[in-house]
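# structure here, sequence nowhere to be found:
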């Protein structure tokens, strides 16, 4: 029908093209397919609460209630000074909104068990651990303080940026809101007999902002009442009268230094070495990351105009730099692959006209795929574009097979129109068999659950859609173009390459005759390939996801657990100073304190942006090696660095990429065994940046209260805690209300006294008699050690060991080594260990790989059996696979590439690719047996020679389509390379062997089938004779 209606066919093709072009411009852009890990974090704060108090009185009651929610895969918590954070990870199939409702209900149920002095009720937030920041903006100024910059960032910029399309979250770090700080001189305070509680109460009472009512004027108008009851600056508080001494007023300035400062002095941020406040931006789920970043950049001049001109805004990190470069390189790879596979047609057919046909069919198939991708809400990412690159070799196959067969009919003397009819009809079932059986390979992947299934579903569907559209085009548009473009002498044209292939074909015919005469040798080769595939699959180093070389390095600075904030700040400045001197570093952002990532007093976060070279790999490994060497100069602190990856698995924040967690019912067992496990892990070759999150050596000053003595003074523990908090806890004693925000009055002992432990001797508590009693009168002070954090997993204490891998080290080998090490250490029965995050995903995916291969083979066998209505012929077709497996695994080993999930998908693809050769042979052999009454030997021999040219064409097309991936140029090539290596290696070896083994196995199985039928017939006749005689 389509051959007779060229205009209708052309119009349909044009419509498909326009739809694809439009869809291509509308598709969102991302580094990888969007994977939403249903995760919710619960936050609770109790000012001054020690990590142990936070863990037992806050985290544990919440965990008990949260742990009852259905669909939880993991629940972890981290309790630090005054803060508890609980992370709940749900099964991928769990609806996040329904989970959020369950979390809120669990929080409500736990409220009665929580301390009554929590700052606020616990809150929850839906998060996605897979989402990394898309941009970091730094605020710097030579005029304004960090407090002022933080105020501008949180009050103005944060709100404006959140309104930008695609922005989902904006965190502000590296500073704190402005505040009036009252820094007390305890000696002077005691001289005037003023207590800390009295001072806090007096200051709070002097700053109020309450409703005062209205008055009616004589003329009947209404006036509201306003007074100067609110103080907004340090200068307003300094003259405040606190008490009288000998009838002389004691003002606040007499006993304290009152300054305009910040609410929390334990925060600091740096941008390229300068004091800075940092805005960390995250995108909304499903948002186009490139468009979102472009929107932010577009509005940046407006943002700068809305803040003081002395504050500078600088983009320190832009995640889209490598995304744009990587996608550009993938698109270039796709174009190169298209050119190569189309050029194959010219080489084999020697005709520009013939080359035009796949030259139109291939781009049209890809454009049609873009249209379907848009309908399915897919994105343009590394995996979908990789699928399209690989598909160029597949989609050209259908067009080439039809084109070659029509050209062969023209060479037999037929007119192009008649040749198009006959050739397309003759080859139609073969093309259908190749395409449907290829798609069947992907069925198990489509049915997979878990991370791998979610990650590669878009890849598989994109590839399947391209194949289906190519199938339709090859049976409609391709025959129509052949009937109009090809000439009567099309099959007679030759070139040097065609002459070369004829000579190759002649040699192949001689080799095939020898193989058919010596079938045992071919069968031994096939069986040997099966066993060699199994051996290589077991022996090859295994990984999870290729280590990406991005332009972002994430670092976690860890210092001694007893370090002070000022000393930690100096370490951070040293670290940044060393890093920014490296020629490959473009920008660096860092912060310590309560900002994102700064959870304890001895940790800091560092973001390093590298310069991106054009069409070259980013030298991430070399930069990391240089920086690690230089940073050893910093004593007492270590910067753990890793190249930021686009795929992040797991909700626990750690200083390295891979994690192993030990949990125990006994906190003491955990504390005793953690150092021993660290010692053993350090001995494993290939492990780097080894660290753990057990922080149990922080300094502590224990206040041992004699409760009997305190009771005689009429002093309660609550009074003591409150006085200590006012003195040393940055106590927020009053609120200043302003039009854009609210700010605090913060009170504590002046910082210079913090370095003097005996300052506790000068802290007084008000007795029941109204006298100020020194703390030392009823308490003693003893230094000791304490926990800086308490971590739980599944409601039990846990310690997580984090590590990176040295270049050339396989994750599979390290996972096996750690598993064996732990099992041989003789741990007490109270302790349990398991891998987390990426390492856990690797274990789960590797355990399923063999089942996935068997499922793919079964799916292909069932489809082929249905198509051929035979149980034998699918076995002949599948016999091509072992040689492909050997080729793929050998190629990976020779290229020193792990068997990652990317390479494994390449092997799955090979199952669909290499069987095409056998399908083309068997289809023509069966047709010759049925139509021309030829013997199986004659039929398969002629079919092998007749289909030699299309077999070589399709194989070379698939090989050249994957070759640009193997060459691996540009940013992100390390992600694409394993797929190309597996496909190219498998195709080369499979092509060399299956051209000889397939005809032999065809004959062997045909002979076995005949013998089986004869045997069954004999049994049937014997039973019939026995029944007749009886």
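Alright, I've got the coordinates. Since the model is a prediction, treat every value here as computed from it, not as a measurement. Numbering: from 1, shown residues only.
# pull the contacting residues for residue 213.
When contacts are counted by C-beta atoms under 8 Å, 6 or more residues apart in numbering, residue 213 touches 224-225. Any C-beta I mention is one placed from the backbone N, CA and C, and that applies to glycine too.
# just the pLDDT for the most centrally placed residue in the chain.
Nearest residue to the geometric centre of the chain (C-alpha atoms, centre = their mean): residue 647, 1.6 Å. Model confidence at residue 647, expressed as pLDDT, equals 78.
# which residue packs closest to it, ignoring adjacent ones?
residue 545 (5.5 Å; C-beta to C-beta, 6 or more residues apart in numbering).
# that neighbour contacts residue 657, correct?
No: taking contacts as C-beta atoms under 8 Å, residue 545 lies outside contact range of residue 657: 10.2 Å.
# mutual contacts of these two, please.
Common neighbours of residue 545 and residue 657, counting by C-beta under 8 Å, 6+ apart, are 645, 838.
# pretty sure the residue nearest to the centre of the chain sits against residue 456.
No: under the criterion of C-beta under 8 Å, residue 647 makes no contact with residue 456, lying 11.7 Å away.
# can you get me the start-to-end distance on stretch 107-114?
Using C-alpha to C-alpha, to the nearest Å, one end of stretch 107-114 lies 10 Å from the other.
# tell me which residues are up against that stretch.
Everything outside stretch 107-114 that qualifies as a contact, by C-beta under 8 Å, 6+ apart, is 42, 44, 57-58, 61-62, 64-66, 121-122, 124.
# figure out how far it is from the centre of its chain.
A distance of 34 Å separates the C-alpha centroid of stretch 107-114 from that of its chain, computed with C-alpha atoms, centre = their mean, to the nearest Å.
# so which bits of that stretch are buried?
Of the residues in stretch 107-114, those scored as buried under the neighbour-count criterion (16 or more other C-beta atoms under 10 Å) are 107, 110, 114.
# before we move on, what about stretch 619-634?
For stretch 619-634, burial by neighbour count (16+ other C-beta under 10 Å) applies to 620, 623-624, 626-627, 631, 634.
# is it true that residue 579 touches residue 608?
Yes: between residue 579 and residue 608 a contact is recorded at 6.1 Å, counting by C-beta under 8 Å.
# more neighbours, these two?
For the pair residue 579 and residue 608, the greater number of neighbours falls to residue 608 (29 against 24), based on other C-beta atoms under 10 Å.
# for the more buried one, give me phi and psi.
phi -120, psi 130 (degrees, to the nearest 10).
# residues touching it, list them.
When the contact criterion is C-beta under 8 Å, 6+ apart, the partners of residue 608 are 552-555, 579, 585, 587-588, 627, 641.
# just name the closest of these to residue 777, please.
residue 555 (48.3 Å; C-beta to C-beta).
# wasn't the closest one part of a strand?
Yes: read with DSSP: H, G, I helix; E, B strand; the rest coil, residue 555 is one of the residues of a strand.
# need the pLDDT of it.
At residue 555, the pLDDT recorded in the model is 90.
# and what of residue 67?
According to the predicted model, the pLDDT of residue 67 comes to 91.
# can you give me the neighbour number for it?
Neighbours of residue 67 under the rule other C-beta under 10 Å: 13.
# what about the lengthiest helix in the chain, distance to the chain center?
Using DSSP state H to assign secondary structure, the helix with the most residues in the chain is helix 973-1029. In terms of C-alpha atoms, centre = their mean, the centre of helix 973-1029 is set 42 Å apart from its chain centre.
# go on, stretch 175-183?
38 Å.
# repeat for stretch 453-469
For stretch 453-469, the distance from its own C-alpha centre to the chain's C-alpha centre is 20 Å (C-alpha atoms, centre = their mean).
# what sits up against it?
With C-beta under 8 Å, 6+ apart as the criterion, stretch 453-469 contacts 16, 32-33, 35, 92, 364-366, 368-369, 372-373, 376, 378-379, 381, 383-384, 386-388, 390-391, 394-395, 435, 438-439, 442, 445-448, 647, 901, 905.
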